[in-house]
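Asks: Everything below, folded, please.
(chains A, B, C, D, E and F)
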Protein chains: 4
Amino acid sequence: MDRRSQILTIAGHLFSQRGYHATSMRELARHLNLQGGSLYAYIQSKEELLLEVVRQAAERFQRVLEELPRGDPATRMKALVKGHLRVIAEELPRATVFFHEWKHLSPPLLEVRLATLFVLSALNWTYQWYRPEGPLSLDELSEAYAKLVLKALGVAASPEGEHSEEGGEDGEA
Amino acid sequence: MDRRSQILTIAGHLFSQRGYHATSMRELARHLNLQGGSLYAYIQSKEELLLEVVRQAAERFQRVLEELPRGDPATRMKALVKGHLRVIAEELPRATVFFHEWKHLSPPLLEVRLATLFVLSALNWTYQWYRPEGPLSLDELSEAYAKLVLKALGVAASPEGEHSEEGGEDGEA
Amino acid sequence: MDRRSQILTIAGHLFSQRGYHATSMRELARHLNLQGGSLYAYIQSKEELLLEVVRQAAERFQRVLEELPRGDPATRMKALVKGHLRVIAEELPRATVFFHEWKHLSPPLLEVRLATLFVLSALNWTYQWYRPEGPLSLDELSEAYAKLVLKALGVAASPEGEHSEEGGEDGEA
Amino acid sequence: MDRRSQILTIAGHLFSQRGYHATSMRELARHLNLQGGSLYAYIQSKEELLLEVVRQAAERFQRVLEELPRGDPATRMKALVKGHLRVIAEELPRATVFFHEWKHLSPPLLEVRLATLFVLSALNWTYQWYRPEGPLSLDELSEAYAKLVLKALGVAASPEGEHSEEGGEDGEA
DNA sequence: AATGAATGAGTGTTCATTCAT
DNA sequence: CATGAATGAACACTCATTCAT
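Replies: Okay, here's the model as predicted:
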């Protein structure tokens, strides 16, 4: 992992813990055993750092959507829930930054149906309280959430044997 | 509305739009047609401002829980959803600040069941996208969300006539 | 005692305790149960306050010199010591300010003989440690100091006509 | 001499000339051809500056006491006077700060005999008027003061063993 | 005679950023 | 590649002072 990537990773952690404005470049540098000024050999500005961190998180969410398996709505929804939560769990720091800063960076949400919003809302909020090192495994969480989602949408959870009647919906962040 | 209340209101707006650290006292003052220093006739410090804004939001959420009507689970849940969303809608700026700062202020979430977390997650995320002046009325939103919640929990939405098959669960924050 | 005199008295106390720059006009006003701005009905500026306080202390020292009794040197010296110390004791706050600020206000000391400097030094330093409410009366202090001064100058203490034999002492601060 | 020492030295001078509160960090910086903020690469706070300046002065006085030669009281007293005055002369700025701030820092004077107080008073006051670049050498001053002290205490000045007859003098402030 | 609201300059301090070495 | 010294603009906050009421 090269210096720039190191910087981005640590920056993600610090931004998510303290917030972007509350994190100083000197503090970031100290975590890398560097002097403040030395960062500027690798980056242009603090803002570039934020953009990059957010961009990487956004990309991962995007990829989940793109790689949804073909199949019946219930299966797809389950994959969505699991994938989305996995990104949040694996990218907790970046995701945190993403959720706190998306306003400044992304076009407004449009035309998203209520049920989708409801589902994504529940999923997105997870970063506020979920801790991978806690007692709840990601699989257990995904399983439980997927069931709740499918029930809320009136779709029976498929593999474990239910059958659906309503059409599935795609969510977009 | 006296000066102090004015200050708190505007501070709530700015903190929620730009974040606490990104909002300067001079900017806050400018919105009140004052010089930066003049604020300190009414407040002790910037941090007091944050605490007060957050406290007021927390109080309103608390009151929703305390004033839940007696009755069957479906009715209570509906009131919870509606009440919670109403607070978010009416206190959007304060709620935003609250959600972004609760880490620093509240005891850790404990022993909250998954279904409750799921529901509250969906509700809490609302502040990220809901705009009272938008096309969706608060009643419409509450109605739709409450239905989804009740379905997810396996409880039929009562007055409007659905019927449930699984046991209901109570949520708490 | 009119308002202006009250203000000067309290100002003397505060300036002597905290120093001129460390004393704020608001604090001074609070001690008089006033608002900060209200002081300006009685005074022109904070600096005027300092000048006045210092001037009043200087005047009292001046008067001691002018009112020295005629007589032999020992008698006059005794009166000087007593008078000087009395001013310090009675005007402790003002004297403190005076001693800390005289540089800014008075022409440089010139042509003062060493013995005089020595004596005045000892007397002037008194304000740093003497407290009228302490165990040492002003008379006792004056008596002892006058004796030491007279001995140092090789003049026998006249009226009471003592001769000393006190051993040397080690001083420690 | 490194930057930090430079800063401490200049700070000592300015604090002694203008007083601690009346000296701004920007002014201190200007004397070092720096911007205000640049000082903070070398120090933690303005108060640290004061503490350090005072501490260094206090240490030097302490060392005089510890290094007093063994011998008869007259010899020791002479060494004390000379040592004490030398510190004042050599550390004029620091000593000035020390004398103006000792209240905030040192335990109250206790159990010190009057003669000692008298002597130290005279010595300590010296910082108010003595200027090393003036017409009076430190040796001349020490010699004269030591004699006065010894006489005041009724101890003949030993090695040089003089006897005095100087007449009384009038002092003026 | 006094208030309370406000000002504008100043304070100590932090910070992102630059650059010669 | 990294430092260390420095900058200059910003920040939160304090203060002496003014003035309409």
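Asks: Around DNA strand E, which positions in chain A sit nearby?
Replies: Counting by Cβ under 7 Å from any atom of the strand, chain A comes close to DNA strand E at A:23-26, A:36-38, A:40, A:45-47. The C-beta positions use only the backbone N, C-alpha and C, and glycine is treated the same way.
Asks: Most widely separated two among these?
Replies: Checked with Cβ to Cβ, the residues of chain A next to DNA strand E reach their widest spread between A:S38 and A:E47, with 18.2 Å between them.
Asks: Please identify which of those two sits among more neighbours.
Replies: It is A:S38, of A:S38 and A:E47, that has more neighbours when counted by other Cβ atoms under 10 Å in any protein chain shown, with 13 against 10.
Asks: so how far is chain B from A:L50?
Replies: Applying Cβ to the nearest Cβ, to the nearest Å, the value for A:L50 to chain B is 12 Å.
Asks: Most neighbours out of the residues of chain A next to DNA strand E, which is it?
Replies: Ranked by neighbour count (other Cβ under 10 Å), the residues of chain A next to DNA strand E have A:T23 at the top, with 21 neighbours.
Asks: need the contact list for that residue.
Replies: Applying Cβ atoms under 8 Å, 6 or more residues apart in numbering or on different chains, we find A:T23 in contact with A:11, A:14-15.
Asks: go again using 6 Å as the cut-off
Replies: The neighbourhood of A:T23, defined by Cβ atoms under 6 Å, 6 or more residues apart in numbering or on different chains, consists of A:14-15.
Asks: Quick check: next helix or strand after the helix or strand bottoming out on mean pLDDT in chain A?
Replies: In chain A, no helix or strand scores lower on mean pLDDT, DSSP states H and E than helix A:92-105, which sits at a mean of 79. Next helix or strand after helix A:92-105 toward the C-terminus (DSSP states H and E): helix A:114-125.
Asks: Buried ones in stretch A:82-90, by neighbour count?
Replies: For stretch A:82-90, a neighbour-count test (16 or more other Cβ atoms under 10 Å in any protein chain shown) marks A:82-89 as buried.
Asks: Kindly report the same for stretch A:122-136.
Replies: For stretch A:122-136, by 16+ other Cβ under 10 Å, it's A:122-130.
Asks: Can you list the neighbours in contact with that stretch?
Replies: Contacts for stretch A:122-136 (Cβ under 6 Å, 6+ apart): A:84, A:88-89, A:95-96, A:99, B:109, B:118, B:121-122, B:124-125.
Asks: What is the lowest-pLDDT residue among those residues?
Replies: Ranked by pLDDT, the contacts of stretch A:122-136 bottom out at B:L109 (43).
Asks: of all the buried residues of stretch A:82-90, which comes closest to chain C?
Replies: Using Cβ to the nearest Cβ, A:I88 comes nearest to chain C of the buried residues of stretch A:82-90, at 51.8 Å.
Asks: Now do the same for the longest helix belonging to chain A: mean pLDDT, whole number.
Replies: Ranked by number of residues, the top helix in chain A under DSSP state H is helix A:46-66. Helix A:46-66 carries an average pLDDT of 90.
Asks: Give me the angle between that helix and helix A:92-105.
Replies: Comparing the axes of helix A:46-66 and helix A:92-105 via axes from the mean of the first three to the mean of the last three Cα atoms, to 10 degrees yields an angle of 100 degrees.
Asks: Report the distance from helix A:46-66 to the chain centre.
Replies: Distance, stretch centre to chain centre, for helix A:46-66: 9 Å (Cα atoms, centre = their mean, to the nearest Å).
Asks: Now that helix: buried residues?
Replies: Quick answer for helix A:46-66 (16+ other Cβ under 10 Å): A:46, A:49-50, A:52-54, A:56-58, A:60-61, A:64.
Asks: before we move on, back to that, and the least confident helix or strand of chain A, anywhere near chain B?
Replies: No: Helix A:92-105 stays clear of chain B (Cβ under 6 Å from any Cβ of the partner chain), getting no nearer than 6.7 Å.
Asks: Send over that helix as PDB, restricted to the C-alpha atoms.
Replies: Output of helix A:92-105 as PDB, limited to C-alpha atoms (Å, rounded to 0.1, in the frame of the first residue of the first chain):
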ATOM      1  CA  LEU A  92     -17.400   1.900   8.100                       C
ATOM      2  CA  PRO A  93     -15.200   5.000   8.200                       C
ATOM      3  CA  ARG A  94     -15.600   5.900   4.600                       C
ATOM      4  CA  ALA A  95     -19.300   5.200   4.700                       C
ATOM      5  CA  THR A  96     -19.700   7.400   7.700                       C
ATOM      6  CA  VAL A  97     -17.900  10.300   5.900                       C
ATOM      7  CA  PHE A  98     -20.000   9.600   2.800                       C
ATOM      8  CA  PHE A  99     -23.300   9.800   4.700                       C
ATOM      9  CA  HIS A 100     -22.300  13.000   6.500                       C
ATOM     10  CA  GLU A 101     -21.100  14.700   3.400                       C
ATOM     11  CA  TRP A 102     -23.200  13.500   0.500                       C
ATOM     12  CA  LYS A 103     -25.200  16.600   0.500                       C
ATOM     13  CA  HIS A 104     -22.200  18.600  -0.700                       C
ATOM     14  CA  LEU A 105     -21.400  16.300  -3.400                       C
END
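Asks: Tell me what angle that helix forms with helix A:114-125.
Replies: Going by the same axes, to 10 degrees, helix A:92-105 makes 130 degrees with helix A:114-125.
Asks: contacting residues around helix A:92-105?
Replies: By Cβ under 6 Å, 6+ apart, helix A:92-105 touches A:12-13, A:15-16, A:53-54, A:56-57, A:88, A:127.
Asks: coming back round to it: distance to D:G154 added to the contacts of stretch A:122-136, as CSV?
Replies: Below are those laid out as CSV (distance: Cβ to Cβ, whole Å):
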residue, distance to D:G154
A:H84, 95
A:I88, 89
A:A89, 88
A:A95, 86
A:T96, 81
A:F99, 85
B:L109, 81
B:F118, 94
B:S121, 90
B:A122, 94
B:N124, 87
B:W125, 90
